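Chemist: dropping the sequence and predicted coords here.
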Amino acid sequence: MKLILHSGCIWVLLFRMYPLDSIGIGRNQSNRLTQIIESRDPSFGGDFHHTYWPQSSFYSSENYLFLLDTYCYTIFNFQEKESTEIIISNDCLFGDKITGLILQAKSFPELVARGNKIFGYQPKLPDWVFDGAILELQDGIEVVLKRFEDARTHRVEITALYIKDWTGQDVSQFYGGQPKWNWIRSDSYANIDIFSENMKRIRNARILGYLSPYIESGTECFNQFTPFLIYNYKENSAPKLLNFGVVTSGGTIDVWSKSSNLHYINWITEHLLHAGFKGWMADSGEYFPINLEVNSNGQCSYQPNFDTSYPICPTITCHNEFPIKWSKLNYEIAATFANGSDADEILIFLRSGGLWAAQYTPILNAGEQNVDWSISDGLPSTITAGVFIYLQKCNNI
C-alpha cells in the first residue's frame, strides 16, 4: 500500500529513502570496518537509515507531524521535493485498518509540545544521576572495587557502577566476554548485596545491573522459565530452541503473555532488586528473531526460508512490537518494586524502542559508536541521535 503526502520537506531527511530497518555493525557502507563486516556476511553491515528505534512518524518543517499507528514494515520516501511517499507492506496488513494522524501547529515548538502529549512523557530520572559519572566495570567485585578506587583517586565523581557481568560471562571469539543470560548472580558477585549496601552507605554510589529478555538453555534460570518462553514451533513438532549466536541456544520471554511477564517480574525482583541493585540496562529488545510470529496460544510459527534481504512478511510486526513490550515490562518491574516509595531511586536505560515506548524509557542508549570522530558512526553521531530521539521525548546517552 502506498500513501502520498504533498507539500513540505523533512529536515535533514530530504532526497533520501528510509526503510525502517534494524541496525547492523556500522552506519556507513563506505566505512572500512563496515566493508570488512559485509565481506564476511552481507547482512551484518549497517547503513545510514538503520536504527534500534524504528518509528512510523516524522516531523515536517512545514509544522506538521505525520504518524502511522502500526508495527508493519514501512518505508518513508523523501526523494521527491514536493511530496512524501509512505510504503506499507501489504503482507503485513492482514486486511486490518491502520490508524494515521496528521497534526498541524502554528510553530515547530508548539508542534513538538503537542506531539509529546501524543507519544507520552518519559519517566522522571532519579536525582542521583546528575551527581557524577556512571562507570561500567566488570570481572568481579575485587576488580570493580579497585577500578572504582582508582577513579576516585583521580577525583572522578562517580554516582553509580554499571556491572554488566553480574551473572557471569560467556566468551566468544567475535564478541569477547558477554553477560551470561542466566539471571542469577555468579560466584564472582556472591556478596553483591553486601557490596551494594556498603557502596551506597559509605561512598554514595549505586550498583546497576544488566538484563535481556533471553535465557540461555541449560542454566538454572532456563529450567525455571521453560513454560514461559518463546521457542521455534513447527507444525506437528516439538519446540526448538532459538539460536542466538552469542550463546548457543535458549528461549525468549513471552512479553505478550501476562503469566510470563509476572513470572519475570517476580524473578528479577528477587534476584536483582533484592540484591541491592538500583537499576539496570534492559538490552536487546531489537534482537527478537524476524522470522517468528506469536500465535494466540503464546507459541510462535517459524519460517525457515524467510528472505532476510527484503524483510516484508507478517512476522515483522512481532519483531517491531517486541521492543515496546520489553520496555513496558521493565517499567513494570521497577514500578512494582518501588510501589511509590523508592520510585526516584531506580534507573532503567534501554537500547531499543519504537512507537509508544517513550513513556516507558527514562534513558535510551545510543549504541556502540566507533571510538573516533566520524559523523556517521563515531562520537559525533550521538549528537544527531540525541536531537532526533528527543523529538520522540526520550533522553539519550
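Modeler: All right, it came through fine.

Chemist: at the geometric centre of the protein, which residue do we find?
Modeler: For the chain, residue 352 is the residue whose C-alpha lies nearest the centre (C-alpha atoms, centre = their mean; 2.1 Å).

Chemist: tell me how far it lies from residue 70.
Modeler: Counting by C-beta to C-beta, to the nearest Å, the gap from residue 352 to residue 70 is 17 Å. Placement of C-beta: from N, CA and C, glycine included.

Chemist: report the contact partners of residue 143.
Modeler: residue 137 (C-beta atoms under 8 Å, 6 or more residues apart in numbering).

Chemist: looks to me like it is in a strand.
Modeler: No: per DSSP: H, G, I helix; E, B strand; the rest coil, residue 143 lies outside any strand segment and is helix.

Chemist: any idea how far it is from residue 184?
Modeler: 20 Å.

Chemist: do residue 111 as well
Modeler: 47 Å.

Chemist: separation between the residue nearest to the centre of the chain and residue 124?
Modeler: Counting by C-beta to C-beta, the gap from residue 352 to residue 124 is 21 Å.

Chemist: what's the neighbour count on residue 379?
Modeler: By other C-beta atoms under 10 Å, the residues close to residue 379 number 14.

Chemist: next one: residue 203
Modeler: 15.

Chemist: residue 166 touches residue 183, doesn't it?
Modeler: No: with contacts counted by C-beta atoms under 8 Å, residue 166 stays clear of residue 183, the gap being 9.2 Å.

Chemist: what touches both of those two?
Modeler: With C-beta under 8 Å, 6+ apart as the test, residue 166 and residue 183 both reach residue 272.

Chemist: where does residue 162 sit: helix, strand or coil?
Modeler: Per three-state DSSP, residue 162 ends up strand.

Chemist: that one and residue 259, how far apart?
Modeler: 31 Å.

Chemist: residues touching residue 168, list them.
Modeler: 179, 180, 182, 186, 187, 188.

Chemist: buried among those? Need that as a selection in PyMOL.
Modeler: Typed into PyMOL, the line below selects the buried ones among those, using 16 or more other C-beta atoms under 10 Å:
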select buried, resi 179+180+182+186+188
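
Chemist: can you name the two of the contacts of residue 168 that are farthest apart?
Modeler: Greatest spacing in the contacts of residue 168, by C-beta to C-beta: 179 and 187 (14.7 Å).

Chemist: for the chain, longest helix please?
Modeler: The residue-count maximum for a helix in the chain (DSSP state H) belongs to helix 316-338.

Chemist: helix, strand, or coil at the nearest residue to residue 380 once chain neighbours are set aside?
Modeler: Sequence neighbours aside, residue 373 is the residue nearest to residue 380 in space, at 6.1 Å (criterion: C-beta to C-beta, 6 or more residues apart in numbering). The local conformation at residue 373, judged by three-state DSSP, is coil.

Chemist: mind listing the helices for this protein?
Modeler: Using DSSP H, helices in the chain cover 32-40, 108-119, 141-153, 192-203, 220-225, 258-271, 316-338, 381-390.

Chemist: adding mean pLDDT and distance to residue 249, write those helices out as JSON lines.
Modeler: Formatted as JSON lines, those follow (pLDDT from 0 to 100; distance: least, C-beta to C-beta, whole Å):
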{"stretch": "helix 32-40", "mean pLDDT": "72", "distance to residue 249": "22"}
{"stretch": "helix 108-119", "mean pLDDT": "90", "distance to residue 249": "36"}
{"stretch": "helix 141-153", "mean pLDDT": "95", "distance to residue 249": "30"}
{"stretch": "helix 192-203", "mean pLDDT": "94", "distance to residue 249": "27"}
{"stretch": "helix 220-225", "mean pLDDT": "92", "distance to residue 249": "10"}
{"stretch": "helix 258-271", "mean pLDDT": "94", "distance to residue 249": "19"}
{"stretch": "helix 316-338", "mean pLDDT": "88", "distance to residue 249": "19"}
{"stretch": "helix 381-390", "mean pLDDT": "75", "distance to residue 249": "33"}
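
Chemist: could you check how far residue 271 is from residue 280?
Modeler: Residue 271 is 11 Å from residue 280, by C-beta to C-beta.
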